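Colleague: need a structure here:
(one chain, ligands or ions: 2)
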Amino acid sequence: MTSIVLFGPPGAGKGTQATRITQSTGLPQVSTGDMLRAAVKKGTPTGIAAKQFMDAGQLVPDSIIIDLIKERVKEPDAANGLMFDGFPRTVPQAEALANITEVTHVIAIEVPDSKIVERICGRYSCSSCGAVFHDKFNPTSTKGICDECGSGELKRRADDNETTVKQRLNAYHQQTSPLADWYENRGIFHRIDGDREIDNITQDILLALK
Ligand code: AP5
Ligand code: MG
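Modeller: Numbers count the residues shown, from 1 in each chain. Ligands and ions are numbered 1, 2, ... in the order given. Okay, the predicted model is just below:
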């Protein structure tokens, strides 16, 4: 069984790479950010509780996140492992995950802060299939049409503005980056330079997973 954690700051390319790694490994992508956005859209109690933190660029409390993951791992497609995107993000979340399933690889996608705002503020994604694009770095081939599924509904995320991105980066440096040491001590931490072409990063991640 292989369970992978994609680790990195906002805009590092976790979602972009997760889609590609899923295609190669068959492991389902588990993005806590996507799960929370779906809960906000549906107006569930989890979504209502999480929204204020997400809008402010702060981490959602650990108890909410850990409950989401406990439910997700019960689904049948989790039997052969999962690829976590943006989870865990705190040491208590990593400790909880260690009690749920064994993590075999942590892939840290490293991008300097100076590149993050441009990446986040140029991002848009497909409302139908979730494919992620960028105004400058990864545009759709035809303006306004998703390359993956052909849908015409491309949208920007509510938290993708400069003010919130700066808060998200602060949260990353204060609460999430300490997790690097936690995983490095366990010998499963792989650093990947994320400030390169998308294809080159995918190749290096696949090598690290061998
Ligand atoms: P989440 O949705 O996880 O957001 P994030 O961590 O801020 O990361 P992003 O999704 O913004 O970036 P990404 O790394 O996926 O980059 P992408 O591939 O899209 O979380 C949102 C919020 O939910 C959090 O702020 C928090 O409130 C809450 N939350 C979620 N999980 C939580 C948890 N575990 N605990 C507590 N709270 C939690 O790429 C970005 C852009 O760059 C795209 O436009 C893409 O096309 C482009 N791009 C990608 N790769 C490259 C490249 N190599 N070169 C140039 N451009 C590139
Ligand atoms: Mg993402």
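Colleague: and Ala79, how far from ligand 1?
Modeller: To ligand 1, Ala79 is 22 Å away according to CB to the nearest ligand atom, to the nearest Å. (Each C-beta comes from the backbone N, C-alpha and C, glycine too.)
Colleague: could you report the pLDDT at that residue?
Modeller: Here the pLDDT value assigned to Ala79 is 93.
Colleague: equivalent analysis for Ser128, please.
Modeller: As predicted, Ser128 sits at a pLDDT of 92.
Colleague: got it, and Thr2?
Modeller: 84.
Colleague: which helix or which strand is home to the residue in the chain that ligand 1 sits nearest to?
Modeller: Ranked by CB to the nearest ligand atom, the top residue of the chain for proximity to ligand 1 is Gly33, at 1.9 Å. Assigned by DSSP states H and E, Gly33 belongs to helix 32-42.
Colleague: show residues contacting that helix.
Modeller: With contact meaning CB atoms under 8 Å, 6 or more residues apart in numbering, helix 32-42 is reached by 15, 46-48, 50-51, 54, 60, 65, 68-69, 72, 84-87, 89, 130, 157.
Colleague: between the two ends of stretch 125-140, what distance do you get?
Modeller: From its first residue to its last, stretch 125-140 covers 10 Å (CA to CA, to the nearest Å).
Colleague: give me the pLDDT for the residue of the chain closest to ligand 1.
Modeller: At Gly33, pLDDT is 97.
Colleague: same question, the one 4 residues further on
Modeller: Per-residue confidence for Arg37 comes out at a pLDDT of 96.
Colleague: same question for Pro76.
Modeller: Per-residue confidence (pLDDT) for Pro76: 96.
Colleague: tell me where this structure has helices.
Modeller: 14-25, 32-42, 45-55, 62-72, 91-100, 113-121, 162-171, 178-184, 198-208 (DSSP state H).
Colleague: list the buried ones in the last one?
Modeller: Taking 16 or more other CB atoms under 10 Å as the basis for neighbour counts, the residues of helix 198-208 that come out buried are Ile201, Thr202, Asp204, Ile205, Ala208.
Colleague: out of those, which touch ligand 1?
Modeller: Contacts with ligand 1 within the buried residues of helix 198-208, as defined by CB under 6 Å from any ligand atom: Ile201.
Colleague: most tightly surrounded among the helices of the chain?
Modeller: helix 14-25 (a mean of 19; mean count of other CB atoms under 10 Å).
Colleague: near ligand 1 at all, that one?
Modeller: Yes - counting by CB under 6 Å from any ligand atom, ligand 1 has neighbours in helix 14-25: Lys14, Gly15, Thr16.
Colleague: now those residues in CSV, with pLDDT?
Modeller: Formatted as CSV, the residues of helix 14-25 next to ligand 1 follow (pLDDT from 0 to 100):
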residue, pLDDT
Lys14, 97
Gly15, 95
Thr16, 95
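Colleague: need the residues of this protein near ligand 1, please.
Modeller: The chain has residues 8, 10-16, 32-33, 36, 53-54, 57-60, 65, 86-89, 93, 119-120, 122-123, 132-134, 137-138, 168, 194, 198, 201 near ligand 1, with proximity defined as CB under 6 Å from any ligand atom.
Colleague: again, 5 Å this time
Modeller: Counting by CB under 5 Å from any ligand atom, the residues of the chain close to ligand 1 are 10-16, 32-33, 36, 53-54, 59-60, 65, 86-87, 89, 119, 123, 132, 134, 137-138, 168, 198.
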